[in-house]
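Enquirer: need the 3D shape of this:
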Amino acid sequence: MNDKITYEERKELPDSVFGLPERREYPMPDAAHVRAAESYFRYCPEDLRPKLARAILARAKQFGVNVHSPEILQYASEQ
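Expert: From the prediction side, this is the model:
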């Protein structure tokens, strides 16, 4: 499992696989990248955390990844 993608591969990804599509940040094209997004969540700007948390949970569900971060679960429940 590889959670590294090249610049060229990243350019080819659709906006829909990014946790923050308008910024094209936190790519999650597969389970490994969902886990990476979970581990990098702490670097997300505070105002974007609820949106990213919901995106991580949605992609995690799609790939069968269990999200264990209480912080992500808390932010996902915020509106």
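
Enquirer: can you get me a residue count around Arg24?
Expert: Residues near Arg24, counting by other Cβ atoms under 10 Å, number 14. From N, CA and C alone the C-beta is placed, and that goes for glycine too.

Enquirer: pretty sure it contacts Asp15?
Expert: Yes: between Arg24 and Asp15 there is a contact under Cβ atoms under 8 Å: 6.7 Å.

Enquirer: what helices or strands is the helix or strand encompassing Glu38 leaning on?
Expert: For Glu38, the host element (DSSP states H and E) is helix 31-40. Secondary-structure packing of helix 31-40 (3 or more Cβ pairs under 8 Å, 6 or more residues apart in numbering; DSSP states H and E): strand 25-27, helix 49-63.

Enquirer: that one vs helix 49-63, what angle?
Expert: 150 degrees (axes from the mean of the first three to the mean of the last three Cα atoms, to 10 degrees).

Enquirer: measure the residue nearest to Ala31 when sequence neighbours are not counted to Glu22 for me?
Expert: Nearest residue to Ala31, sequence neighbours excluded (Cβ to Cβ, 6 or more residues apart in numbering): Phe63, at 4.0 Å. Taking Cβ to Cβ, to the nearest Å as the measure, Phe63 falls 22 Å from Glu22.
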